[in-house]
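J.: The amino acid sequence is not available; the structure is as follows:
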């Protein structure tokens, strides 16, 4: 079994990871430091540790998810926890059970960690008030997706060495995106400058107050950027008409090799996935290993989630 | 009942521009016999009951123009008995009850039920509203004439808005002939779809769907345009934003006649109080920014807003213990209405007389009822309160059946000491 260098755990370990907003710089940095230690492990042939042996982790997913769910699943297993994944799309909730009742039921089985993904903003906060185990937010409504932002940060650090002083553009459906919000908080916290680029109808109210510059023009927004984060157009969250057509969106906001030239020469491309090829991103660009960090993001996601599970589990 | 004399009082009655130290004599029919500084002990018979009010303030019993009583259909949230206990503990003696019960009060048989039930179980004056449209669905107007004849004080679809402009014009046109009061909740549904909070930085941070104040303004603008064509008794239930006030100001100066209410919540709280998803502060209209709150206070000062209501909406814990977007809307507030309003006096936002006016004679005038006044001969409905008494709001101590107060743990100054209804002491502490 591989051994991992001990990194001092977060002092006064907060019990839950609900969002980047509740995190201090030190906490964020210690998660990232911890995560780095797992990268090698995950690339080695023997990936299993026993740090969480005897612990029970429940993945409670109220929304369909592929990468986040499997990432948390693997992360827990590689740390030796017993992991149970519950797909809540067709269970008790449909029978009228409330989130709280479900939580209380699960709580009675003494889990140590609940990882929750929910379509309503604030659901993990509510859950955390009612259970006595660690709650980790795996994405709530359009509010936060803290582990995604942390894995994005780790990916950037891995390539660029540091986040401080970088200029990062987040482009696309900012309004409906929890990834955008968590990244805005985290990248700001770690000393980057953040631009957001979106059509006006997909730009949330008062976004500048979160510490970003807002643009509706890719050329201006990408100017001088080191990292370009593209977001998925979240059709499933869109009620009514936000855009005339996907074609028009792609014309003005889809990332093409031409538009990428507005950014710095060595700019790198990120996407939290799943991608709508030809809607927000040119398909060749998405697969271009010289600029696209998409696969690395997925890879490091497991390391980041291992770090979170380790540090937050009592 | 015997005659009563209440002594050692500061009497504030805006209906007769009275603010003086004096006594109140109540005759044996429960009416005000004599009031003011010239009223003396010697004016009453020896057998009269004497109550020393120890320098507290007496005002007309409060008229709350918007409260929900759970009966029928939601008895587990509130009933006539608990509502009237909460009201009297807050100095409220007249309540306009909302019709969104189960079934909805939209026909005469329901009115008879509610009036009988209220008379038997409640100890306050109840003035029931019926819905403007059948089932509050916004399609077909209810029988204004028949309902009024059975004792309906006004018409409201509560927290629903008549979206159909043609229907709204007909409602106003028809209502004008019958002299009935139409109370509108101003909210454009297309703009407010799926929203649960004000559109703001707070909404962006919490990841919640916000609604812009334009949704409110646009309905007020529409209705006031219609009103200039079809003048009827029209009241805007609750406004929440500065933008709405600008429209109201413009129309009032153009001579359009209507009245406007505001919830005590929107006067005393703002969107930042929602914190991390406090569902008890999920309200309709939503809490908005501090700038809006301050403008609403200015609106009261400038007589653009006539009435302060509690917007008392009891909700059980189950309906509130949900993710914010799914949680029920509304908070209780009838018991804390006066105390919270007095906060606006203590922090120098509003003069005392203005606050009392918006709680008593103004709503009574809009409703055309003989309440909210202590003029000689009127019903002796009184609220006597200690202006300075400090206390802390604790949900468990409130009398309402539901405990969803928006101001849990708030430190308030000013508390009701005694409430009289038709000359009888119905609450004291």
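T.: That came in fine, so what should we check first? Keep in mind it's a predicted model, so treat the numbers as computed, not measured.
J.: Just the helices from the chain, written as ranges.
T.: No chain was given, so I picked chain A. In chain A, the helices defined using DSSP state H lie at A:25-43, A:67-78, A:99-107, A:123-130, A:146-160, A:178-189, A:218-222, A:246-253, A:257-260, A:283-287, A:294-312.
J.: try again with chain B
T.: B:80-89, B:108-121, B:144-149, B:165-178, B:189-192, B:201-206, B:214-229, B:242-253, B:264-268, B:290-301, B:317-320, B:337-346, B:352-359, B:361-367.
J.: okay, now residue B:263: neighbour count?
T.: 30 (other Cβ atoms under 10 Å in any protein chain shown). Backbone N, C-alpha and C define where each C-beta goes, glycine included.
J.: For it, which non-adjacent residue is spatially closest?
T.: residue B:311 (4.0 Å; Cβ to Cβ, 6 or more residues apart in numbering or on different chains).
J.: Tell me which residues touch that neighbour, please.
T.: When contacts are counted by Cβ atoms under 8 Å, 6 or more residues apart in numbering or on different chains, residue B:311 touches B:66-67, B:238, B:263-265, B:283, B:330-331, B:333.
J.: Can you tell me which of those end up in strands?
T.: B:66-67, B:263 (DSSP state E).
J.: Can you lay out those residues as TSV showing pLDDT?
T.: Below are the ones in strands among the contacts of residue B:311 laid out as TSV (pLDDT from 0 to 100):
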residue	pLDDT
B:66	97
B:67	97
B:263	98
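J.: how many neighbours does the nearest residue to residue A:209 once chain neighbours are set aside have?
T.: Distance criterion Cβ to Cβ, 6+ apart; nearest residue to residue A:209, sequence neighbours excluded, is residue B:201 at 4.5 Å. For residue B:201, the count of nearby residues is 19 (other Cβ under 10 Å).
J.: Check residue B:72 too.
T.: 16.
J.: and it, how far is that from residue B:183?
T.: The gap separating residue B:72 from residue B:183 is 21 Å, by Cβ to Cβ, to the nearest Å.
J.: wouldn't residue B:339 be in contact with residue B:90 here?
T.: Yes: distance between residue B:339 and residue B:90: 7.5 Å, which falls inside the contact criterion (Cβ atoms under 8 Å).
J.: Give the residues shared as contacts by the two.
T.: residue B:416.
J.: which residues does residue B:4 contact?
T.: Neighbours of residue B:4 in contact, by Cβ under 8 Å, 6+ apart: B:25-26, B:48-51, B:380, B:423.
J.: again, 10 Å this time
T.: Counting by Cβ atoms under 10 Å, 6 or more residues apart in numbering or on different chains, residue B:4 makes contact with B:24-28, B:30, B:33, B:44, B:48-51, B:380, B:420, B:423-425.
J.: just checking, residue A:311 touches residue A:34?
T.: Yes: using Cβ atoms under 10 Å, residue A:311 is in contact with residue A:34, at 6.0 Å.
J.: For those two, indicate the residue with more neighbours.
T.: Using other Cβ under 10 Å as the criterion, residue A:311 and residue A:34 rank with residue A:34 on top: 23 against 19.
J.: From chain B, how far out is the closest residue to that one other than its chain neighbours?
T.: Counting by Cβ to Cβ, 6+ apart, residue A:34 lies nearest to residue A:307, which is 3.8 Å off, once chain neighbours are set aside. Relative to chain B, residue A:307 is positioned 24 Å away (Cβ to the nearest Cβ, to the nearest Å).
J.: Tell me the spacing between residue A:307 and residue B:111.
T.: Relative to residue B:111, residue A:307 is positioned 65 Å away (Cβ to Cβ).
J.: just residue A:83 next, same as before
T.: Per Cβ to Cβ, residue A:83 is found 60 Å from residue B:111.
J.: By proximity to chain A, which residue of chain B wins?
T.: Nearest residue of chain B to chain A (Cβ to the nearest Cβ) works out as residue B:207 at 2.8 Å.
J.: wait, isn't that residue in contact with residue A:210?
T.: No: look at residue B:207 against residue A:210 with Cβ under 10 Å: they stay out of range, at 11.8 Å.
J.: for chain B, what are the low-confidence residue spans?
T.: Scanning chain B for pLDDT under 70 picks out nothing.
J.: Centroid-nearest residue for it?
T.: residue B:309 (2.5 Å; Cα atoms, centre = their mean).
J.: could you list every residue that touches the residue lying closest to that residue once chain neighbours are set aside?
T.: Once flanking residues are discounted, residue B:309 sits nearest to residue B:66: 4.0 Å by Cβ to Cβ, 6+ apart. The neighbours of residue B:66, taking Cβ under 10 Å, 6+ apart as the test, are B:95-98, B:129, B:156, B:158-159, B:183, B:185, B:237-238, B:261, B:263, B:307-313, B:333-334, B:363.
J.: Repeat that for residue A:154.
T.: Residue A:154 touches A:31-33, A:35-36, A:38-39, A:163, A:296-297, A:299-301, A:303-304, A:307, counting by Cβ under 10 Å, 6+ apart.
J.: Just the pLDDT for the residue nearest to residue A:246 when sequence neighbours are not counted.
T.: Using Cβ to Cβ, 6+ apart and skipping the chain neighbours, the partner closest in space to residue A:246 is residue A:279 (5.1 Å). For residue A:279, the pLDDT comes out at 91.
J.: contacting residues for residue A:279?
T.: Contact analysis of residue A:279 by Cβ under 10 Å, 6+ apart lists A:172, A:232-233, A:235, A:246-247, A:249-250, A:253-254.
J.: And for residue 100, the neighbour number?
T.: Just so you know, I chose chain A. Residue A:100, neighbours per other Cβ under 10 Å, totals 19.
J.: that's the wrong chain, I meant chain B
T.: What residue B:100 shows, counting by other Cβ under 10 Å, is a neighbour count of 21.
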